[in-house]
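got a predicted model here, sequence first, then my questions.
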Amino acid sequence: MDQAFYAGHRAAGQKEVMQVGWVYQHAVDIEGLQSFRLKLAQGMMGRLIERSPLPFGRWRWVSDPRPAELDIADAVRPRDELGDWFDERTQLPIDPESGPGWRISVVPLSDGSTAISLVLSHYVIDGIGAAVAVTQALMGLPVDLGYPPPRSRSRLQAMVQDARETAQEAPETGRAFLAAVKEARRRQQDVVHTQAQASLPAPPTSGADDLVVVPNIWIRIRMDEWNARAEALGGTVSALAAAFTARLDRHMGREHGDTDDVKMLLTVNTRGMDDARAVAVSFVRVGIDPDGATADLTAARAAIKQALKDAKDTPDESAELVALTPFTPKRAWKHLIDYAVSDPEQPAVCSNLGDTGPAASRPDGTLCDGMFARGASQNVTRGWLERTGSQLHVFVGTSMEMNQVGVCVRGYHPGAVTTRSTLRELAELTLTEFGLTGEID
């Protein structure tokens, strides 16, 4: 599955990263950060992807012998440019094959505070996995996964070993091929999806290749206020996060086919103990009514509960196709990505990362004053944004020790929401409607 995730995005020209940000109201301990950097390299983040010399061979993990050095800014940055600085960090070169697979940056701010950014390849680890890796590093718990050094096999050895593994997996591959034929026939009959693909807007005639950063904002809300509001509205914190996403989606003017509900995907963590997968999440589709959610979360809570039950009772048919990953050509990956992009419901995504735990808020060994985790995209062109039409992704994480909920919003809607200031205004309006207050960068 990790290979499929990376190969599909690579074929479509996508590059996804994760970012963890910390802010201190004072200078940080650089020696403590250096120790943190070295310990990160001893866990799940201390690895890279090595492709097979065979076109149909499985890719594998190898150790990362050269983690990036600590990047400390020479100049002080204005405090009101904090959001810009975090965005800029997400665009620095990250490569899960040649490295660096992640990097840590530090900048002093004009009000005496300090910001720290950890950006890592989403193909090396996902959000929950990053939280686990950060916690292990800060607690001094190295994880030896036994990965070999890069290029430790000769080309002949690699070809023989990979061919042998491919032969051993032949029965599973055969079953996957039959499942793929069935899925292909189903998609040929998927008229709605075919029409949606045909109706995708054409890229702009000028500036299509211009690189842009999708607008992002970071909201900090008191955790006791967040929890109290969820309880007062008859819901849970998960229902409040989904309802906030739905209401913001409505203010952005996004459309979801022929339904009044806001369609969204909720991420579900599937990572277990000693789980070394890069991507260990599944998605549950749910519809939330944004109109009544600001006054009552009962319906949203019930919808989420039913969606989770349905997902648990429904087998994941796509899992049958994973064995075909090494045999899937680039053209097929691009088609699959286009199929996903043309989803007629254009779902928003709500990722609830849960509580980070006490260790993750101490990158230099001391408690920070604020932190967040979010996803970001690299090398996004204006043409791709216009072609995909619209997007909204909300990341929610909590810290009991700081009494803080961090809400990161990434949103874009052509002709309506194209700047951080517009996204911020809509987020402030949504907070007010839920009776919440927050600090926004």
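Looks like it arrived, so ask away.

what's the closest non-adjacent residue to residue 272?
Beyond its immediate neighbours in the sequence, the residue positioned closest to residue 272 (C-beta to C-beta, 6 or more residues apart in numbering) is residue 280, lying 7.9 Å away. C-betas here are computed from N, CA, C, even on glycine.

neighbours around the one you found, how many?
Residue neighbour count, defined by other C-beta atoms under 10 Å, stands at 20 for residue 280.

give me the local confidence score for it.
Residue 280 carries a pLDDT value of 90.

surely it touches residue 130?
No - taking contact to mean C-beta atoms under 8 Å, the distance of 11.3 Å between residue 280 and residue 130 leaves them out of contact.

in the host helix or strand of residue 429, what counts as buried?
Residue 429 is part of helix 420-433, with elements assigned from DSSP states H and E. Using 16 or more other C-beta atoms under 10 Å as the burial criterion, the residues of helix 420-433 that qualify are 420, 422-424, 426-428, 430-431, 433.

now the helix or strand that it is followed by: average pLDDT?
Helices and strands here follow DSSP H and E; after helix 420-433, the next one along the chain is strand 439-440. Averaged over strand 439-440, pLDDT sits at 93.

how about TSV for the buried residues of helix 420-433, with pLDDT added?
Shown next, in TSV, are the buried residues of helix 420-433 (pLDDT from 0 to 100):
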residue	pLDDT
420	93
422	95
423	96
424	95
426	96
427	96
428	96
430	96
431	96
433	96
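
for those, which one is nearest residue 120?
Closest approach between the buried residues of helix 420-433 and residue 120, by C-beta to C-beta: residue 420, at 22.9 Å.

now that closest one: closest residue in space that isn't a chain neighbour?
Among residues not flanking residue 420 along the chain, residue 215 sits closest, at 4.6 Å (C-beta to C-beta, 6+ apart).

nearest residue to the middle of this structure?
Taking C-alpha atoms, centre = their mean, the centroid of the chain lies closest to residue 375, which sits 3.8 Å from it.

ramachandran coordinates for that residue?
As for residue 375, its main-chain torsions (degrees, to the nearest 10) stand at phi -100, psi 160.

I'd assumed residue 125 was in contact with it.
No - with contacts defined as C-beta under 8 Å, residue 375 does not count as touching residue 125, sitting 11.8 Å away.

now for these two: what residues contact both?
residue 18 (C-beta atoms under 8 Å, 6 or more residues apart in numbering).

for residue 134, see how far away residue 92 is.
As judged by C-beta to C-beta, to the nearest Å, residue 92 and residue 134 stand 19 Å apart.

give me the more crowded residue out of those two.
Comparing residue 92 with residue 134 by neighbour count (other C-beta under 10 Å), the higher total belongs to residue 134, at 28 against 15.

show me what contacts the closest residue to that one other than its chain neighbours?
Counting by C-beta to C-beta, 6+ apart, the nearest residue to residue 134 once its immediate chain neighbours are dropped is residue 360, at 4.9 Å. Listed by C-beta under 8 Å, 6+ apart, the contact set of residue 360 reads 20, 131, 134-135, 138, 371, 399.

mind checking which of these land in strands?
When DSSP state E is applied, those are split such that 20, 371, 399 fall in strands.

closest one of these to residue 286?
residue 399 (26.1 Å).

is it true that the closest one touches residue 355?
Yes - the criterion here is C-beta under 8 Å, and residue 399 meets it with residue 355 at 6.7 Å.

looking at these two, which one has more neighbours?
residue 399 (21 against 14).

just the pLDDT for the more buried one.
Predicted confidence (pLDDT) at residue 399: the value is 90.

can you give me the helices in the stretch 1-150 of the chain?
For the stretch 1-150 of the chain, the helices defined by DSSP state H, counting those that start in this stretch cover 2-11, 30-40, 82-90, 127-138.

contact partners of the first one?
Under the contact criterion C-beta under 8 Å, 6+ apart, helix 2-11 has outside partners 15-16, 49, 58-59, 96, 123, 277-279, 322, 325-326, 328, 330-331, 333-334, 336-337.

which ones are touching residue 301?
234-236, 239.

correct me if wrong: residue 349 contacts residue 393.
Yes - because the distance of 4.5 Å satisfies C-beta under 8 Å, residue 349 is recorded as touching residue 393.

counting neighbours, go ahead and name the busier of the two.
Summary of the neighbour comparison: residue 349 and residue 393, criterion other C-beta under 10 Å, with residue 393 having more neighbours (23 against 17).

secondary structure class for the more buried one?
Using DSSP: H, G, I helix; E, B strand; the rest coil, the secondary structure recorded for residue 393 is strand.

secondary structure element for the residue in the chain sticking out farthest from the centre?
What lies farthest from the middle of the chain is residue 156; by C-alpha atoms, centre = their mean that is 37.0 Å. Following DSSP H and E, one finds residue 156 within helix 155-168.

what's that helix packed up against?
With contacts defined as 3 or more C-beta pairs under 8 Å, 6 or more residues apart in numbering; DSSP states H and E, helix 155-168 has no packing partner among the helices and strands.

could you point out which element follows the lowest-mean-pLDDT helix or strand in the chain?
Taking mean pLDDT, DSSP states H and E as the measure, the helices and strands of the chain show their lowest mean at helix 191-198, namely a mean of 48. Secondary structure here is assigned by DSSP H and E; on that basis, the next helix or strand after helix 191-198 toward the C-terminus is strand 216-222.

strands of this protein, start to end?
Under the criterion DSSP E, the chain carries strands at the ranges 15-24, 47-50, 60-63, 71-72, 102-108, 114-121, 216-222, 262-269, 281-288, 348-355, 370-378, 391-399, 404-412, 439-440.

save those strands as a markdown table, and put in distance to residue 295 too.
Below are the strands of the chain laid out as a markdown table (distance: least, C-beta to C-beta, whole Å):
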| stretch | distance to residue 295 |
| --- | --- |
| strand 15-24 | 33 |
| strand 47-50 | 48 |
| strand 60-63 | 49 |
| strand 71-72 | 47 |
| strand 102-108 | 42 |
| strand 114-121 | 37 |
| strand 216-222 | 19 |
| strand 262-269 | 16 |
| strand 281-288 | 14 |
| strand 348-355 | 20 |
| strand 370-378 | 28 |
| strand 391-399 | 20 |
| strand 404-412 | 20 |
| strand 439-440 | 23 |
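
residue 152: which of those is closest?
Within the strands of the chain, the stretch nearest residue 152 is strand 60-63; the backing value is 7.3 Å (C-beta to C-beta).
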